[in-house]
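> Dropping the sequence and predicted coords here.
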Amino acid sequence: TLAASLSLLLSLASQMLQLAYIDELTQLPQRRALLNHLSRLGRRSAVTMLDVDHFKKFNDTYGHDVGDQVLKLLGSLLGSERGLSAYRYGGEEFTLVFRHNNKDTLAEKLEQVRAKVAEYPLVIRQQTRPQDSKQGKQQRGNTPGSKTVHVTISLGCAIRAPGETTEQLLKRADEALYSAKKAGRNKVAFAR
């Protein structure tokens, strides 16, 4: 009985830790995990804030379930990228963390991420879609009346400055994100 109780407690503790650190929708680590990571990050590092361009339009036009679909897509695409750590910051905002500060390499990688998202054809899920995943795979992209949309993101990158706090680094990345949005969206901008 003691072993079973201990096993149950460990399982519950693991589930609570999972809920505290992993975003349920995107399956990416969330802000608490990001702040923990940033507190251990070295001087040669960079942080990028990104968010979905015109996200409110997706929710207003297609419904919140499509907004969730967009966020899941980003979680999948960002989570599979090599050379960076991706986090869901909150809402439609995400954070990318790099363990280097080479601006040329960062610019190349961020442009790849931006293009990968922009070029991905997101098929809006239909209400009448099959429940069986095998049938769903066969019908994918061939459903009459299905609509395909393209999502774009704006990205703002800040390279860590000497003596800069985590809060200052995130603030500069966020300011760079807004510069990318002001420049027309679907762009990468670097903090000064």
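On my side now, so go ahead. The model shown is predicted, which means the values in this text are computed figures rather than measured ones.
> Nearest spatial neighbour of residue 181, chain-adjacent residues omitted?
Among residues not flanking residue 181 along the chain, residue 154 sits closest, at 4.9 Å (CB to CB, 6 or more residues apart in numbering). No exception for glycine: its C-beta is placed from N, CA and C like everyone else's.
> Identify the residues contacting the one you found.
The contact partners of residue 154, taken as CB atoms under 8 Å, 6 or more residues apart in numbering, are 50, 51, 53, 177, 180, 181, 185, 186, 187, 188, 189.
> run the last query once more with 6 Å
53, 177, 180, 181, 185, 187 (CB atoms under 6 Å, 6 or more residues apart in numbering).
> got it, and residue 186?
Counting by CB under 6 Å, 6+ apart, residue 186 touches 53, 152.
> Need the pLDDT of it.
pLDDT for residue 186: 98.
> Where does it sit: helix, strand or coil?
Three-state assignment for residue 186 (DSSP: H, G, I helix; E, B strand; the rest coil): coil.
> Show the backbone phi and psi for it.
Main-chain dihedrals, residue 186, degrees, to the nearest 10: phi 60, psi 40.
> Next, find the distance separating residue 91 from residue 26.
In this view, residue 91 and residue 26 are 11 Å apart by CB to CB, to the nearest Å.
> who has more neighbours, these two?
When neighbours are counted by other CB atoms under 10 Å, residue 91 and residue 26 differ, and residue 26 comes out ahead with 21 against 11.
> Assign the more buried one to helix, strand or coil.
Assigned by three-state DSSP, the conformation of residue 26 is coil.
> Hmm, it is touching residue 89, no?
No. At 10.7 Å, residue 26 does not count as touching residue 89 under the criterion of CB atoms under 6 Å.
> got any ranges where the protein has weak pLDDT?
Scanning the chain for pLDDT under 70 picks out the ranges 8-20, 126-133, 135-145.
> Let me see the ranges of the strands in it.
Counting by DSSP state E, the chain has strands at residues 46-52, 85-90, 93-98, 121-123, 148-150, 153-159, 188-190.
> Report the central residue of the chain.
Closest to where the C-alpha atoms of the chain average out (CA atoms, centre = their mean) is residue 94, at 4.2 Å.
> what residues are up against it?
With contact taken as CB under 6 Å, 6+ apart, residue 94 is in contact with 50, 88.
> and residue 28, how far is that from residue 182?
Taking CB to CB, one finds residue 28 at 27 Å from residue 182.
> residues touching residue 99, list them.
Counting by CB under 6 Å, 6+ apart, residue 99 makes contact with residue 45.
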